[in-house]
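1. what would the 3D arrangement of this be:
(2 chains)
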2 protein chains.
Amino acid sequence: MTSSAVDLTRAFATFDDHWRPRIAAQLNGQDVRLVKVQGLFPWHSHDDAEEMFLVWKGWFRVEFRDRIVTLEPGQFVVVPRGVEHRTGADEEAEVLIFEPSGVMNTGDAPVSEYTAPGGVHL
Amino acid sequence: MTSSAVDLTRAFATFDDHWRPRIAAQLNGQDVRLVKVQGLFPWHSHDDAEEMFLVWKGWFRVEFRDRIVTLEPGQFVVVPRGVEHRTGADEEAEVLIFEPSGVMNTGDAPVSEYTAPGGVHL
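-> Presented below is the predicted three-dimensional model:
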């Protein structure tokens, strides 16, 4: 059994809501998640996971307590475990996230409207 | 300490050789590798690792024994563990690979000119 190809443009076109990641693939205990974002996400950290954000479309910010990383399509950053961060985008952006399966999107922040149900596949 | 942003276009511009992956990031025991490819790679499999190929530039084939998956920029496929595959590109292509750190590019195939030194960072 072999897996099928995924087209990012088509995959992003299948959903519209913001801050609700879809699992596009799983491998080696990791998820490849696709998320549309707009606005500002709560501060949080993940004690047990590093997170990679790769921008596919639009402009996307990863804010740390001491600096802001602004990313455009084809740029990525890795957030180390335990490091507080929040993400944001003034206009809608499309972002690929690479992180361990089971990681909650809001990390150690209180559950809120931003907390997405886990395990949702494309 | 927070990590720096990586720009894929600039990162790919820093090397020219084919079939020699560079590690662009490491997280959760996984590598994000960048590789330029042209020609046809040997058949092989990885018993202990799944591999994801995401095309950044050009056209790229992932061939299985029973079918060929042709990918263009923004398309990816995951090769399940233990499944024989070979990759190829008629013209130079740029590809992102997600796989566990330490995976040898030629897998279970005999060591050859295609076997890349491991652990080479950008």
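
2. going forward, measure contacts and count neighbours with C-alpha atoms only.
-> Will do.

3. which residues touch the residue nearest the centre of chain A?
-> Nearest to the mean C-alpha position of chain A, by Cα atoms, centre = their mean, lies A:Ile97 at 4.1 Å. Going by Cα atoms under 8 Å, 6 or more residues apart in numbering or on different chains, A:Ile97 touches A:31-35, A:51-54.

4. A:Arg10: which element?
-> helix A:8-12 (DSSP states H and E).

5. give me the contact list for the helix or strand following that helix.
-> Using DSSP H and E, the helix or strand that directly follows helix A:8-12 along the chain is strand A:22-27. If you take Cα under 8 Å, 6+ apart as the criterion, strand A:22-27 is touched by A:6, A:11, A:31-35, A:101, A:119-122, B:50-52, B:78.

6. most neighbours, which of the residues you listed?
-> Greatest neighbour count in these, by other Cα atoms under 10 Å in any protein chain shown, goes to A:Leu34: 28 neighbours.

7. state the helix or strand in which it lies.
-> Applying DSSP H and E as the criterion places A:Leu34 in strand A:30-40.

8. show me what that strand is packed against.
-> Judged by 3 or more Cα pairs under 8 Å, 6 or more residues apart in numbering or on different chains; DSSP states H and E, strand A:30-40 is in contact with helix A:8-12, strand A:22-27, strand A:85-100.

9. dump the C-alpha coordinates for it into PDB.
-> Provided in PDB are the C-alpha atoms of strand A:30-40 (Å, rounded to 0.1, in the frame of the first residue of the first chain):
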ATOM      1  CA  GLN A  30       4.500  13.400  13.600                       C
ATOM      2  CA  ASP A  31       1.700  15.300  12.000                       C
ATOM      3  CA  VAL A  32       1.800  17.500   8.900                       C
ATOM      4  CA  ARG A  33      -1.000  19.900   9.600                       C
ATOM      5  CA  LEU A  34      -2.500  22.600   7.400                       C
ATOM      6  CA  VAL A  35      -4.000  25.700   9.000                       C
ATOM      7  CA  LYS A  36      -5.500  28.900   7.800                       C
ATOM      8  CA  VAL A  37      -4.900  31.800  10.200                       C
ATOM      9  CA  GLN A  38      -6.000  35.400  10.600                       C
ATOM     10  CA  GLY A  39      -5.800  37.600  13.600                       C
ATOM     11  CA  LEU A  40      -3.700  36.900  16.700                       C
END
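
10. out of the helices and strands packed on strand A:30-40, flag the one nearest B:Asp108.
-> strand A:22-27 (19.2 Å; Cα to Cα).

11. pLDDT of that closest one, averaged?
-> Strand A:22-27 shows a mean pLDDT of 97.
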